[in-house]
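Enquirer: Okay, structure incoming, though there's no sequence with it:
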């Protein structure tokens, strides 16, 4: 697969010169300075593309061209925003960029409760605690109906047996402090959202008020309605995708659970099959994020890779470990539930040119003071890239595919 890296533009502390040295071939990025809902102009796209190419790499994947909330909940300006989206697709195509990773997650892009959860080796990873998330929902956000929903919450078979998340959240309420509450809001709302062209930004003074406003847009929107809204969006843009040869690949919900009373529609094998069948066009495809999918105990990640490889346009190779109580953390790229070695075999056989990035990485000594975006360290991801490049070299030899490490004399 093409070795790619998520890079956050010219202000990223990780430079393209650094990435070239570690074997990165393609860049995954976006126009992070363009406000939500505005057209990506060809001039801006061309400027960034040429900058990337000046370092000997290519702009492989857009992650992401955001789908604004009004498209997701079916607001009155939905069609206007879809036209803006189509214009951006045409401009990207004109500059030779043909793969778009996007998501259809309402309000929150992705969620973790701890961004620096300790590993036994002294590094740290992203972590999700159900009790802390329930506490945030009930006691900090104070969402109407949250307590009743968490009282009904059940873990999938095999994890969390006998656990009562509501009782744990109530126990936390007796020990939390204003400082701990602030940190939880930062972790869930700000530090995981602001750098991905999301609804929230660093420095937002009233993030919880904005949160409630966004949630209110989804009153009455259930799973079936959100599915229909996704189908409406995809059907509307498919003629443009056909015209411009644009591959749309939706990112699975992260974590793959229903949260905050919001429907989540890309979290299981059945969900993925539904949207692929609903719009049976080759340009309607999947970002196979092994990390997001492996955070769901009900997902057989290898089985899903075999099934959906023909409609996969982009791969995120990472893995999650689920603890017996149901909480999960990002795992080593050689461990966890995802079985990245087998996934590499599946996708290399399907399409050796498929773009792949290692996605998140652990925070290591030397990373922690750099101010990197949550999950997007340099040393941790470089370590993961080394692991995955070794996997790919081995798998390619098994399959008789020529493997080259760029930047070295052969």
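Expert: The structure has been received and is ready for your questions. Nothing here was measured: the structure is a model prediction, and the numbers come from that model.

Enquirer: Can you pull out the low-pLDDT segments for this structure?
Expert: Counting by pLDDT under 70, the chain shows low-confidence ranges at 194-205.

Enquirer: Provide a list of residues in contact with the residue lying closest to residue 244 once chain neighbours are set aside.
Expert: Distances taken as Cβ to Cβ, 6 or more residues apart in numbering place residue 93 nearest to residue 244, at 3.5 Å, with adjacent residues excluded. All C-beta spots, glycine's among them, are computed from the backbone N, C-alpha and C. By Cβ atoms under 8 Å, 6 or more residues apart in numbering, the contact set of residue 93 is 244, 245, 246.

Enquirer: What's the separation between residue 93 and residue 51?
Expert: With distances taken as Cβ to Cβ, to the nearest Å, residue 93 is found 19 Å from residue 51.

Enquirer: cool, and residue 324?
Expert: Taken as Cβ to Cβ, the span from residue 324 to residue 51 is 47 Å.

Enquirer: between these two, which one's more packed in?
Expert: Using other Cβ atoms under 10 Å as the criterion, residue 324 and residue 51 rank with residue 51 on top: 14 against 10.

Enquirer: Please enumerate the strands of the stretch 1-150 of the chain.
Expert: Taking DSSP state E, counting those that start in this stretch as the test, the strands found in the stretch 1-150 of the chain are 2-6, 26-29, 58-63, 99-102, 114-118, 124-128.

Enquirer: partners of the second one, with directions?
Expert: This points to strand 26-29. According to DSSP bridges, strand 26-29 forms sheet pairs with strand 2-6 (parallel), strand 58-63 (parallel).

Enquirer: now do the fifth one
Expert: Here the strand partners of strand 114-118, with direction, are listed using DSSP bridges: strand 124-128 (antiparallel).

Enquirer: from the middle of its chain, how far away would the strand it pairs with be?
Expert: Distance of strand 124-128 from the chain centroid (Cα atoms, centre = their mean, to the nearest Å) equals 15 Å.

Enquirer: buried ones in it?
Expert: 124, 125, 126, 127, 128 (16 or more other Cβ atoms under 10 Å).

Enquirer: Quick one: those residues as CSV, columns for distance to residue 369 too.
Expert: Shown next, in CSV, are the buried residues of strand 124-128 (distance: Cβ to Cβ, whole Å):
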residue, distance to residue 369
124, 13
125, 17
126, 18
127, 20
128, 25
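
Enquirer: and which of those residues is nearest residue 178?
Expert: residue 127 (21.9 Å; Cβ to Cβ).

Enquirer: Who does that closest one form a beta bridge with?
Expert: Beta-bridge partners of residue 127, as defined by DSSP bridges: residue 114, residue 329.

Enquirer: so it makes contact with residue 119?
Expert: No: the criterion here is Cβ atoms under 8 Å, and residue 127 misses it with residue 119 at 9.8 Å.

Enquirer: Can you give me every residue that contacts residue 225?
Expert: So residue 225 contacts 74, 263 (Cβ under 8 Å, 6+ apart).

Enquirer: In space, what's closest to residue 232 - neighbours in sequence excluded?
Expert: residue 74 (7.4 Å).

Enquirer: Measure how buried that neighbour is and give me the count.
Expert: 16.

Enquirer: My guess is it contacts residue 229. True?
Expert: Yes: the criterion here is Cβ under 8 Å, and residue 74 meets it with residue 229 at 4.8 Å.

Enquirer: Common neighbours of those two, please.
Expert: With Cβ under 8 Å, 6+ apart as the test, residue 74 and residue 229 both reach residue 221.

Enquirer: Residue 70: what's it in contact with?
Expert: 37, 76, 77, 78, 81, 217.

Enquirer: ok, 10 Å please
Expert: 36, 37, 76, 77, 78, 79, 80, 81, 82, 217, 229 (Cβ atoms under 10 Å, 6 or more residues apart in numbering).

Enquirer: Now that we have those residues, can you turn them into a markdown table and tack on distance to residue 206 and neighbour count?
Expert: Listed next are the contacts of residue 70 as a markdown table, based on distance: Cβ to Cβ, whole Å; neighbours: other Cβ atoms under 10 Å:
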| residue | distance to residue 206 | neighbour count |
| --- | --- | --- |
| 36 | 18 | 13 |
| 37 | 21 | 15 |
| 76 | 25 | 7 |
| 77 | 24 | 12 |
| 78 | 26 | 19 |
| 79 | 30 | 13 |
| 80 | 27 | 13 |
| 81 | 25 | 18 |
| 82 | 30 | 19 |
| 217 | 17 | 16 |
| 229 | 28 | 22 |
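
Enquirer: So which of these belong to helices?
Expert: Counted as lying in helices by DSSP state H, out of these, are 78, 79, 80, 81, 82, 229.

Enquirer: May I see the strands of the stretch 1-150 of the chain arranged in JSON lines, with distance to residue 137 as well?
Expert: Formatted as JSON lines, the strands of the stretch 1-150 of the chain follow (distance: least, Cβ to Cβ, whole Å):
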{"stretch": "strand 2-6", "distance to residue 137": "28"}
{"stretch": "strand 26-29", "distance to residue 137": "31"}
{"stretch": "strand 58-63", "distance to residue 137": "28"}
{"stretch": "strand 99-102", "distance to residue 137": "26"}
{"stretch": "strand 114-118", "distance to residue 137": "16"}
{"stretch": "strand 124-128", "distance to residue 137": "13"}
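
Enquirer: between these, which one is nearest to residue 236?
Expert: strand 99-102 (13.7 Å).

Enquirer: now for the chain, which residue lies nearest the mean position of the chain?
Expert: residue 251 (5.8 Å; Cα atoms, centre = their mean).

Enquirer: Residue 101 is in contact with that residue, correct?
Expert: Yes: if you go by Cβ atoms under 10 Å, residue 251 and residue 101 touch, sitting 5.8 Å apart.

Enquirer: any residues in contact with both of these two?
Expert: 63, 64, 286, 287, 289, 314, 316.

Enquirer: do you know how far the first one is from residue 289?
Expert: Distance from residue 63 to residue 289, counting by Cβ to Cβ: 11 Å.

Enquirer: more crowded one of the two?
Expert: Ranked by neighbour count (other Cβ under 10 Å), residue 63 and residue 289 place residue 289 first, with 29 against 26.

Enquirer: what sits opposite the more buried one in the beta ladder?
Expert: Residues in beta-bridge contact with residue 289 (DSSP bridges): residue 316.

Enquirer: mind listing what it touches?
Expert: Neighbours of residue 289 in contact, by Cβ under 10 Å, 6+ apart: 101, 103, 110, 249-254, 256, 266, 295, 301, 314-318, 338, 357, 359.
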